[in-house]
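>>> Provide a 3D model corresponding to the input given below.
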Amino acid sequence: MLKTGEILQERYQIQEKLGNNIAHEVWLAKDIKIKPTESVVVKVLSTRGATQWEEFKLFEREAKILKQLNHPYIPRYLDYFPLNESIKGFVLVQEYIPGNSFKDLILQEKRFTESQIKEIAKNVLNILIYLHELNPPVLHRDIKPSNLICGKDGHIYLIDFGAVQYRAAVEGSTFTVVGTYGYTPIEQFGGRAVAASDIYALGTTLIHLLTGIPPADLPQEDFKIQFADRVNLSPNLVRWLRKAIEPDLKKRFDTAKTALKELQSGIFNDDNSSIQLSQKSYYAKDIVPSKTNVELEKSLDKLTITYPSIEVNYIYLLVAIFYIIGASIISIFFGLSAAFFLLLSSCGTFYMIPEPRDRLLFHNNLFEIYEHNKLIGGGSITEIEDVNSSSDNFTIESWFISIKTQKQRYAFGHGLTKAESIWLVQEIKNWLEQN
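This next block holds a predicted model:
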């Protein structure tokens with residue numbers, strides 16, 4: 001439609017194309033009427049060819065609504081005019097936000113931490129609260145990674161109001177299906193978008209950022225997107241995301257304000273989940289072993305578990321074998337009293353041997369395993385399995401705990417008692433839930 005260098009309204013000089021589809025093009029332009037010149041975004045809808053009436057209505061609605069909006073993280077409306085030159089159509093001019101779309105960041109294989117995801121969610125929810133509490137409410141209806149900009153100023157902006165709707169659909173009214181497959185909830189395809197529809201789209205967008213996989217490509221069960229096995233998140237955030245993308249409107253967050261409140265509190269407001277968490281915490285306190293060589297230190301940002309190394313069993317065994325053989329030889333040549341003296345002295349030797357200890361350190365959703373103060377492994381936790389048991393030649397029953405990352409599985413605490421293992425598994429899970 002347009003060409004680089006072309007000037008519209010004797011004011012907007014076209015610079016480069018940012019995107020396009022069948023109906024319209026989006027260009028970066030310069031506003032040459034102001035000094036110094038400023039970059040703007042020019043969106044052009046051509047009325048030539050196959051442009052449909054519904055596309056024109058959406059374009060005009062976008063311009064009208066943007067003109068009424070006043071939010072620091074929604075690009076400002078600047079101008080709207082018909083194009084009566086060689087190209088017939090309409091032009092919408094908006095503020096340009098320097099930065100990268102989250103779609104671009106995904107393509108660059110950017111991966112996001114839990115704290116970053118929470119911050120993104122909070123920013124977008126605050127924008128949605130503003131939109132949904134207008135009179136009448138404004139529904140965006142097309143939240144997805146390409147419509148969220150991570151500005152160079154560090155703020156997150158919601159762009160492209162081409163699918164915007166003034167209010168929830170009225171029963172019996174005609175509608176245009178808008179949105180993007182994978183991010184759009186079922187009710188929106190039926191023309192009944194509500195505030196919770198934007199929350200669903202936000203939830204699927206966050207899952208895309210976490211997994212790097214478009215939500216439409218993730219497996220589903222009963223229309224519910226299955227993502228938990230592909231992310232490294234606290235159980236609370238997993239539950240929050242599940243509620244945000246709940247297909248059943250009655251079970252989804254009904255307002256952005258409610259979703260934000262529960263995200264900020266860190267407490268998932270669900271009766272069953274709350275009961276489970278309180279039971280787990282109570283259970284963990286009840287199962288602390290009365291006798292244990294395991295040391296556990298907890299703080300708000302760190303959990304440290306120190307436990308006897310498996311090597312201690314073999315060191316003691318070798319020393320014992322040495323003294324028994326030595327005592328047997330001495331008893332033959334010097335008598336039983338000399339052998340008894342040697343065995344008695346071995347007790348002091350056992351006492352003097354330092355007990356080898358290993359350490360497991362948790363920080364956020366990461367862990368590190370140390371053997372004799374040497375880091376031997378760690379990573380981002382994807383799974384902590386139930387207590388596993390094994391047996392060896394020297395102990396009747398030996399227990400250990402398994403932690404899985406995306407690349408491999410680690411086992412620690414070989415030689416723990418069953419009570420110690422159950423206790424530690426529960427302590428670790430409880431700490432991760434609270435962090």
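>>> was I right about residue 76 contacting residue 93?
No. The criterion here is C-beta atoms under 8 Å, and residue 76 misses it with residue 93 at 9.7 Å. (C-beta placed from N, C-alpha, C; glycine too.)
>>> Look at those two and report which has more neighbours.
residue 93 (23 against 16; other C-beta atoms under 10 Å).
>>> For the closest residue to that one other than its chain neighbours, which three-state class applies?
Nearest residue to residue 93, sequence neighbours excluded (C-beta to C-beta, 6 or more residues apart in numbering): residue 79, at 3.8 Å. Following DSSP: H, G, I helix; E, B strand; the rest coil, the label given to residue 79 is strand.
>>> can you tell me how far residue 79 sits from residue 43?
11 Å (C-beta to C-beta, to the nearest Å).
>>> Can you pull the residues that touch both of the two?
Residues touching both residue 79 and residue 43 (C-beta atoms under 8 Å, 6 or more residues apart in numbering): 91, 92, 93.
>>> Which ones among these map onto helices?
The helices, defined by DSSP state H, take in nothing from the shared contacts of residue 79 and residue 43.
>>> Relative to residue 249, which of those residues is nearest.
Of all these, residue 249 sits closest to residue 92, with 32.0 Å by C-beta to C-beta.
>>> how close does the closest residue to residue 111 other than its chain neighbours sit to residue 232?
Distance criterion C-beta to C-beta, 6+ apart; nearest residue to residue 111, sequence neighbours excluded, is residue 212 at 6.8 Å. Distance, residue 212 to residue 232, using C-beta to C-beta: 13 Å.
>>> One more: residue 413?
Applying C-beta to C-beta, the value for residue 413 to residue 232 is 22 Å.
>>> Then residue 265?
22 Å.
>>> Stretch 366-383: which residues count as buried?
367, 369, 370, 371, 378, 379, 380, 381, 382 (16 or more other C-beta atoms under 10 Å).
>>> Now for those: which two are most distant?
Between any two of the buried residues of stretch 366-383 (C-beta to C-beta), the greatest distance is 22.2 Å, for 371 and 382.
>>> returning to what we had before: neighbour count winner among residue 265 and residue 232?
The neighbour count for residue 265 versus residue 232, taken as other C-beta under 10 Å, is higher for residue 232 (18 against 10).
>>> Residue 384 is in contact with the more buried one, correct?
No. Look at residue 232 against residue 384 with C-beta under 8 Å: they stay out of range, at 11.7 Å.
>>> residues shared between the contacts of these two?
Joint contacts of residue 232 and residue 384 (C-beta under 8 Å, 6+ apart) do not exist.
>>> what's the span of stretch 6-16, first residue to last?
Length of stretch 6-16, first residue to last, C-alpha to C-alpha, to the nearest Å: 11 Å.
>>> Just the buried residues of it, please?
Neighbour-count burial for stretch 6-16 [16+ other C-beta under 10 Å]: 8, 11, 12, 13, 14, 15.
>>> Which members of those residues are the farthest-apart pair?
Greatest spatial distance among these (C-beta to C-beta): 11 and 15, at 13.4 Å.
>>> mind checking how far residue 384 is from residue 57?
53 Å.
>>> scratch that, residue 429 is what I was asking about
Look at residue 429 and residue 57: by C-beta to C-beta, they are 53 Å apart.
>>> repeat for residue 30
Between residue 30 and residue 57 the computed distance is 30 Å (C-beta to C-beta).
>>> out of the two, which sits in the busier spot?
residue 30 (19 against 11).
>>> could you point out which element follows the helix-or-strand element of the chain with minimal mean pLDDT?
Lowest by mean pLDDT, DSSP states H and E among the helices and strands of the chain is helix 271-286, with a mean of 35. Proceeding N to C from helix 271-286, the next assigned helix or strand is strand 295-298, under DSSP states H and E.
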